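A.B. asks: here is my input, please return the structure:
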Amino acid sequence: QVQLVESGGGSVQAGGSLRLSCAASGRAFITTTMGWFRQAPGKEREFVAAIRWSGANKYIGDSAEGRFTIFRENAKNTLYLQMNSLKPEDTAAYYCAAVPRSDYKSPVYDYWGQGTQVTVSS
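C.D. replies: The predicted model follows:
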């Protein structure tokens with residue numbers, strides 16, 4: 001069993017930065033791929049980034065390329081998403097997820113956090 005709790009969301013002006021955290025409990029954290037997704041009202045859940053258990057392999061979605069960084073600290077059971085150069089279109093609820101059932105880009109994971117809201121104003 002894995003429990004995920006996100007934090008770090010908030011309101012920021014365009015061009016600003018935020019760092020999201022996802023604290024995980026459960027033994028599976030260390031050995032599982034983890035991901036960040038986001039969902040804006042009326043839209044489908046969108047892949048943002050994913051990272052393999054070792055941290056050596058990272059994947060960034062097209063909308064986040066060059067601006068967002070994903071990393072993890074296994075010793076602290078924590079996943080992070082550093083978001084820079086934020087844009088109004090980044091406004092969404094952001095979710096961390098663990099244990100993908102198939103492709104890491106697909107929003108089909110066994111475990112999800114409750115989400116944290118990010119609002120970017122122009």
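
A.B. asks: only C-alpha atoms from now on, for both contacts and neighbour counts.
C.D. replies: Noted.

A.B. asks: from residue 95, how far out is residue 9?
C.D. replies: Plainly put, residue 9 is 10 Å away from residue 95 if you go by C-alpha to C-alpha, to the nearest Å.

A.B. asks: so which of those two has more stuff around it?
C.D. replies: For residue 9 versus residue 95, neighbours defined as other C-alpha atoms under 10 Å are more numerous around residue 95 (26 against 18).

A.B. asks: that one and residue 122, how far apart?
C.D. replies: Counting by C-alpha to C-alpha, the gap between residue 95 and residue 122 amounts to 23 Å.

A.B. asks: hang on, the earlier thing: joint contacts of residue 9 and residue 95?
C.D. replies: Overlap of the contact sets of residue 9 and residue 95 (by C-alpha atoms under 8 Å, 6 or more residues apart in numbering) consists of residue 116.

A.B. asks: quick one: contacts of stretch 75-83?
C.D. replies: The contact list for stretch 75-83 (C-alpha under 8 Å, 6+ apart) reads 17-25, 29-30, 34, 36, 67-73.

A.B. asks: shaky segments in the chain?
C.D. replies: Residue ranges of the chain with pLDDT under 70: 27-30.
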